[in-house]
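>>> prediction below, plus the sequence it came from.
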Amino acid sequence: MKISAYGYTNRGGRPHNEDRICWQLAEDRGVFVVADGLGGHSRGEVASALAAERILRDCAGREELTREGMEEIFQAANEAVMEGQKTPGQEDMRTTAVALDIREGKAVWAHTGDSRLCRFSGGKLAFVTGDHSVTYKKFLAGEITAMDIYHDDDRSSLLRVLGKPGAKGDSGEAALQAGDAYLLCTDGFWEYVYQEEMLVDWLKAASPAEWVELMLLRHIRRTPPGNDNVSLIAVFVEEEL
């Protein structure tokens, strides 16, 4: 299998960018991380950098990676953020995170908060992570519809983030298939581009970069003034030629 990727991050309408994206990529192996720092002036960008870089380093440093291993890595990232909170001015910083590790015919992922991973396979959207938010709990309870998630007043009320005691990541895995694609993104992106549109644009795109560009054309038309930071990484799994 050949792995290709394209990442994009922008501060949007905010004074500065608290998101962090990073990845490490070889022909048949890749690690990808997206984190969305919380805390405003309390240095959310520090939290996202600490978590993302720790997750990337720990994933890349393991010869094998299971779901349990990915969960351990998220626990270590949480400890890194909590250690950073000991610095004056950083006491309230937190971050969401989503990570994907691809190697040896398998994809392993985990997430905390409302940064998402979407898996596309067989010409359809095959999987989406579930947000750790009040809004998503309301959706699971049948109180609101899937479309209501995009506009619900509680969507920024997060129930789990890195930087709190006991925080962990929910993990998943899937066998790699040629033609699969993965999208990691923050809420500043997915709130304005619907899943059906992500699918349509994926089916049109010949590369991760083209996929991102098509989706950003939708995003830019919908974002209001002062919109949140926006970050995403698109990953293609292709057959070797």
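Yep, that arrived.
>>> and the strands in this structure?
2-10, 19-25, 30-38, 94-103, 106-112, 116-121, 124-128, 170-175, 181-185, 230-238 (DSSP state E).
>>> the last one versus strand 30-38: what angle between them?
Here strand 230-238 runs at 170 degrees with respect to strand 30-38, directions being taken by axes from the mean of the first three to the mean of the last three Cα atoms, to 10 degrees.
>>> now do strand 230-238 against strand 116-121, angle only.
Using the same axes, to 10 degrees, the direction of strand 230-238 lies 20 degrees away from that of strand 116-121.
>>> give the pairing partners of strand 230-238; include direction for each.
In the sheet, strand 230-238 lines up against strand 2-10 (antiparallel), strand 181-185 (antiparallel) (DSSP bridges).
>>> between the ones you listed, which one is closest to Ala80.
strand 181-185 (19.5 Å; Cβ to Cβ). (Glycine included, C-beta is placed from N, CA and C.)
>>> need the residues that contact the closest one.
21, 32-34, 98-100, 102, 107, 109, 115-121, 198, 202, 208, 211, 231-237 (Cβ atoms under 8 Å, 6 or more residues apart in numbering).
>>> how does it look with 7 Å?
For strand 181-185, contacts defined as Cβ atoms under 7 Å, 6 or more residues apart in numbering pick out 32, 34, 98, 100, 107, 115-120, 198, 202, 231-237.
>>> with stretch 35-54 instead?
With Cβ under 7 Å, 6+ apart as the criterion, stretch 35-54 contacts 16-20, 22, 33, 76-77, 80-81, 84, 89-97, 113, 115, 161-163, 186-187.
>>> now intersect the residues you listed with the helices, please.
Using DSSP state H, the subset of the contacts of stretch 35-54 located in helices is 76-77, 80-81, 84, 187.
>>> that older thread, give me whichever of the strands paired with strand 230-238 is most buried.
Of the strands paired with strand 230-238, the one with the most neighbours on average (mean count of other Cβ atoms under 10 Å) is strand 181-185, at a mean of 27.
>>> what is the mean pLDDT for that one?
Across strand 181-185, the average pLDDT comes to 98.
>>> again, but for stretch 9-29
Mean predicted confidence for stretch 9-29 is 91.
>>> any idea how far apart the tips of it sit?
Using Cα to Cα, to the nearest Å, the end-to-end distance of stretch 9-29 comes to 22 Å.
>>> check stretch 154-161 too.
End-to-end distance (Cα to Cα), stretch 154-161: 15 Å.
>>> can you tell me what sits against that stretch?
38, 94-96, 112-114, 132-135, 138, 149, 167.
>>> which among the strands of the chain is found nearest to Arg218?
Per Cβ to Cβ, nearest to Arg218 of the strands of the chain: strand 230-238, 11.8 Å.
>>> okay, angle between that closest one and strand 19-25 too, please.
Using the same axes, to 10 degrees: strand 230-238 against strand 19-25 is 20 degrees.
>>> for stretch 49-56, what is the distance to the chain centroid?
Remark: stretch 49-56 is offset 13 Å from the chain centroid, using Cα atoms, centre = their mean, to the nearest Å.
>>> my error: substitute stretch 23-33 in the last question.
Worked out by Cα atoms, centre = their mean, stretch 23-33 lies 15 Å from the chain centre.
>>> would JSON lines of the strands of the chain with distance to Glu53 be doable?
JSON lines is the format used below for these (distance: least, Cβ to Cβ, whole Å):
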{"stretch": "strand 2-10", "distance to Glu53": "14"}
{"stretch": "strand 19-25", "distance to Glu53": "6"}
{"stretch": "strand 30-38", "distance to Glu53": "8"}
{"stretch": "strand 94-103", "distance to Glu53": "11"}
{"stretch": "strand 106-112", "distance to Glu53": "16"}
{"stretch": "strand 116-121", "distance to Glu53": "19"}
{"stretch": "strand 124-128", "distance to Glu53": "26"}
{"stretch": "strand 170-175", "distance to Glu53": "20"}
{"stretch": "strand 181-185", "distance to Glu53": "15"}
{"stretch": "strand 230-238", "distance to Glu53": "15"}
